[in-house]
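In: Just the structure for this:
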Amino acid sequence: MLGRLTRDELRAYAPWQPLFVEPYAPDPSAIAAIKARADDLTVLLIVATWCPDSRREVPRFFAIMDRAGIGESRLTMVGVDRTKKDVEGLTETWGVLRVPTFIFFRRGQEAGRVVERTPTGTTLEAEIARVLASK
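Out: Numbers count the residues shown, from 1 in each chain. Below is the predicted model:
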């Protein structure tokens, strides 16, 4: 799947349907930290439906968004090809080399990003909370 995507489109995409069956339960303390800094937050998510890291992290991100109260209107999700390019040139504009890449913005300025996979011993929500706390 290429170009701008929605959560519903990913849920309906047959190879991804099983990824949404078992709900992800994010860490409540990380969710509270994200929520405390989410007021003016917007997110650009570069994803690839063929990528194992995207398949793991993107459904988790949706659960995190839901728990942190970040509405889908604040998310722009773009699917890329195997060269990690998109038709709008967003990967080039934002220097995206790996997928998934979650870029967090405040008032139009990049506040930080989480790239590809979370480090061993942490969670996606903890990494997002760490990134948001630094700005």
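In: only C-alpha atoms for contact and neighbour calcs from this point on.
Out: Noted.
In: Quickly find the element holding the nearest residue to residue 63 once chain neighbours are set aside.
Out: Among residues not flanking residue 63 along the chain, residue 24 sits closest, at 6.3 Å (C-alpha to C-alpha, 6 or more residues apart in numbering). Secondary structure from DSSP states H and E places residue 24 outside every helix and strand.
In: any idea how far residue 58 is from residue 24?
Out: From residue 24 over to residue 58 the distance is 11 Å, taken as C-alpha to C-alpha, to the nearest Å.
In: Those two: which is more packed in?
Out: residue 58 (24 against 14; other C-alpha atoms under 10 Å).
In: Need the three-state assignment for the more buried one.
Out: helix (DSSP: H, G, I helix; E, B strand; the rest coil).
In: Please name the residues that touch it.
Out: By C-alpha atoms under 8 Å, 6 or more residues apart in numbering, the residues touching residue 58 are 47, 100.
In: Residue 18 now?
Out: Counting by C-alpha under 8 Å, 6+ apart, there are no residues that residue 18 touches.
In: Confirm it sits in a helix?
Out: Yes. Assigned with three-state DSSP, residue 18 falls within a helix.
In: give me the beta-bridge partners of the residue nearest to residue 77 when sequence neighbours are not counted?
Out: Nearest non-adjacent residue to residue 77, counting by C-alpha to C-alpha, 6+ apart: residue 45, 4.6 Å away. Listed by DSSP bridges, the beta-bridge partners for residue 45 are residue 77, residue 102.
In: Next, count neighbours for residue 45.
Out: Neighbour tally, residue 45, other C-alpha under 10 Å: 24.
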